[in-house]
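Colleague: build me a structure from this.
(2 chains)
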Amino acid sequence: MWKWLHPYAKTEKTYWLCQTLLPWFSVLGLVALITGAIWALAFSPADYQQGDSYRIFHIHVPSAILSKSLYMGMAIAAFVGLVWQVKTAFMSMMAIAAVGAVVTFVSLVTGSAWGKPMWGTWWEWDARMTSQLVLLFLFFGVMSLYKSFEDKQQASKAAGVMAIVGIINLPIIHYSVEWWNTLHQGATLMKLDKPSMPLEMLLPFFVSLVGWSSACGAIVLLRIQNEILRREMKRPWVIALAQQNVTQSNTATK
Amino acid sequence: MNGLGALLRRDLSLAYRQRAELMQPLLFFILVITLFPLGVGPEPNTLKMIGPGVIWVAAILSSLLGLERLFRDDFQDGSLEQLILSGVPLAAAALVKVFVHWLTSILPLIIISPLLALFLHLTEPMYWALVFTLLIGTPILSLIGAIAVGLTVGLNRGGVLLALLLLPVFIPLLIFATSAVESASMQLQYSGQLAIIGAMFLFSLALAPFAIAYALRVSQT
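Modeller: Below is the predicted model:
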């Protein structure tokens, strides 16, 4: 397996791997997002209690699930980068960080928009919402630490350490917040029991989950490619690639 | 061992000679707490309710202020580089520096805390719970904080970034500490919360020195 993985420490190999994977992820993401959205909005039945407003579920829950997975992915990339000194792992770490922050933000905004009609409030210091907010700040912390260094090598290592400190803390934060909340107000109307969903609701949810994951994957791949091109600007293969693109667009315009 | 002892003595005497600078986080701590009765009103029951949280938040903020100077001077005059090259295990040296920092800039906060408990009308059991949580909890602030300080020491504008990095990480500590004091105010047992804070302390004591050492090496290159 090492023999198979090792070439991807080289930026050029990783660039072409991203290039081959990108169409698959983008097409799958696009198709699944569109079908999921149409299915969830138009065809799946309305909730008996929450009516139509439950349909935001199909955006809210995938983004909430993904936000945690993306943080996990970022921390794994950071770990790989720190332990094996793999430059491309750091690049994927930073590629994931921004996407993760956006997804976390989406989950917070949609949660808030869902909370208003259901619970009658935009924000409640509920355990999940609070830990999601903290997650957003952890993403911001890693990103701003990375941005504050001039030297990108040093920046990656520093941000990697912070990402790992965050991932160790994340479960502690999650459980402490949950515990704090139950201490304060117990299970009140906030306790949204996981409804055993009928299949017609569950299927579009899975489709949108697949759509969200693939779309995020596609964006991450694109960001990795961009980062590689930006950092390896002076390498011969990047220059050759750029020249090839220029000649192609020239012939196309002619 | 000898090197570490020398480092301990050096840091302590340095701290002693910079007494004025060490006073600043302490004064900040007292001032922040003074602002709260002025802001929310002097009603004793309100103050008693928010008191533990206010004291803990103020302690976290002033420890952030003090943390900034943990490695800064050593980094700027090059003695940090000498420390890395000296052959003393860097993790142990970092632990010594963190210990001195805790001793000189956080212990005073705990010593002054009876006064603040009076300001905020805390009852006696609440006060004891507060002191216990501060004694076990503040070393966590120094240990985890030192990782981020090590990472940002090379940057000139560390202050706000440090807060952004560290405050989310300190949330569990704040929750457990204030809930211990709250339990004490209701005459309940709070040994559970103390045990969790103690576990977090031991965990960070075991791992943080290595992370600090790594962070310092990253900053030095």
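Colleague: gap between the residue nearest to A:Trp180 when sequence neighbours are not counted and B:Ser63?
Modeller: Once flanking residues are discounted, A:Trp180 sits nearest to B:Ile175: 4.5 Å by C-beta to C-beta, 6 or more residues apart in numbering or on different chains. Where you see a C-beta, it was placed from the backbone N, CA and C, and this is true even at glycine. Using C-beta to C-beta, to the nearest Å, B:Ile175 is found at 17 Å from B:Ser63.
Colleague: ok, A:Leu82 next?
Modeller: 27 Å.
Colleague: between the two, which is the more surrounded one?
Modeller: B:Ser63 (23 against 20; other C-beta atoms under 10 Å in any protein chain shown).
Colleague: that one touches B:Thr104, doesn't it?
Modeller: No. Counting by C-beta atoms under 8 Å, B:Ser63 does not reach B:Thr104; the two are 11.9 Å apart.
Colleague: burial count for A:Ser53?
Modeller: Neighbours of A:Ser53 (other C-beta under 10 Å): 14.
Colleague: what do you get for B:Ala195?
Modeller: 13.
Colleague: ok, now B:Pro42?
Modeller: 10.
Colleague: check what pLDDT the residue nearest to A:Val106 when sequence neighbours are not counted gets.
Modeller: Counting by C-beta to C-beta, 6+ apart, A:Val106 lies nearest to A:Ser63, which is 4.5 Å off, once chain neighbours are set aside. What the model reports as pLDDT for A:Ser63 is 89.
Colleague: any idea how far chain B is from A:Ser63?
Modeller: Distance, A:Ser63 to chain B, using C-beta to the nearest C-beta, to the nearest Å: 20 Å.
Colleague: show me how far whichever helix or strand that residue is part of is from its chain's centre.
Modeller: Assigned by DSSP states H and E, A:Ser63 belongs to helix A:57-84. Computed by C-alpha atoms, centre = their mean, to the nearest Å, the chain-centroid distance of helix A:57-84 equals 6 Å.
Colleague: give the burial count for the residue nearest to A:Trp180, as a bare number.
Modeller: By other C-beta under 10 Å, 24 other residues sit near B:Ile175.
Colleague: that one and A:Ser176 touch, don't they?
Modeller: Yes. Here B:Ile175 reaches A:Ser176: they are 4.6 Å apart, a contact under C-beta under 8 Å.
Colleague: show me where chain B has its helices.
Modeller: B:2-17, B:19-40, B:44-67, B:69-76, B:79-85, B:90-101, B:107-119, B:124-152, B:159-185, B:191-220 (DSSP state H).
Colleague: how far off centre is the fourth one?
Modeller: It stands for helix B:69-76. In terms of C-alpha atoms, centre = their mean, the centre of helix B:69-76 is set 17 Å apart from its chain centre.
Colleague: hmm, who's touching it?
Modeller: With C-beta atoms under 8 Å, 6 or more residues apart in numbering or on different chains as the test, helix B:69-76 has contacts from B:14, B:21, B:80, B:83, B:97-98, B:101, B:145-146, B:149-150, B:153-154, B:158, B:216, B:219.
Colleague: buried stuff in the helix or strand immediately after the helix holding A:Ser63 in the chain?
Modeller: Later in the chain than helix A:57-84, the nearest helix or strand by DSSP H and E is helix A:87-119. Going by neighbour count (16 or more other C-beta atoms under 10 Å in any protein chain shown), the buried part of helix A:87-119 is A:87-108, A:110-111, A:114-115, A:118.
Colleague: three-state assignment of A:Val213?
Modeller: Small correction: residue A:213 is Ser, not Val. Three-state call for A:Ser213 (DSSP: H, G, I helix; E, B strand; the rest coil): helix.
Colleague: what's the closest non-adjacent residue to it?
Modeller: Distances taken as C-beta to C-beta, 6+ apart place A:Leu66 nearest to A:Ser213, at 6.3 Å, with adjacent residues excluded.
Colleague: is it correct that that neighbour is in contact with A:Trp212?
Modeller: Yes. Assessed by C-beta under 8 Å, A:Leu66 is found in contact with A:Trp212 at 5.7 Å.
Colleague: shared neighbours, these two?
Modeller: A:Val103.
Colleague: can you tell me the number of residues neighbouring the one residue in chain B that gets nearest to chain A?
Modeller: Closest to chain A within chain B is B:Pro172: 3.8 Å, counting by C-beta to the nearest C-beta. Here the number of neighbours of B:Pro172 (other C-beta under 10 Å) works out to 24.
Colleague: which stretches of chain A have low pLDDT?
Modeller: Scanning chain A for pLDDT under 70 picks out A:1-5, A:46-51, A:181-199, A:254.
Colleague: hey, where'd the helices end up in it?
Modeller: A:2-5, A:11-38, A:57-84, A:87-119, A:127-147, A:152-185, A:199-231, A:236-253.
Colleague: can you put those in JSON lines and add distance to B:Ala59?
Modeller: As requested, these are arranged in JSON lines below (distance: least, C-beta to C-beta, whole Å):
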{"stretch": "helix A:2-5", "distance to B:Ala59": "46"}
{"stretch": "helix A:11-38", "distance to B:Ala59": "46"}
{"stretch": "helix A:57-84", "distance to B:Ala59": "28"}
{"stretch": "helix A:87-119", "distance to B:Ala59": "29"}
{"stretch": "helix A:127-147", "distance to B:Ala59": "19"}
{"stretch": "helix A:152-185", "distance to B:Ala59": "18"}
{"stretch": "helix A:199-231", "distance to B:Ala59": "39"}
{"stretch": "helix A:236-253", "distance to B:Ala59": "51"}
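Colleague: that's all I had, so thanks and see you.
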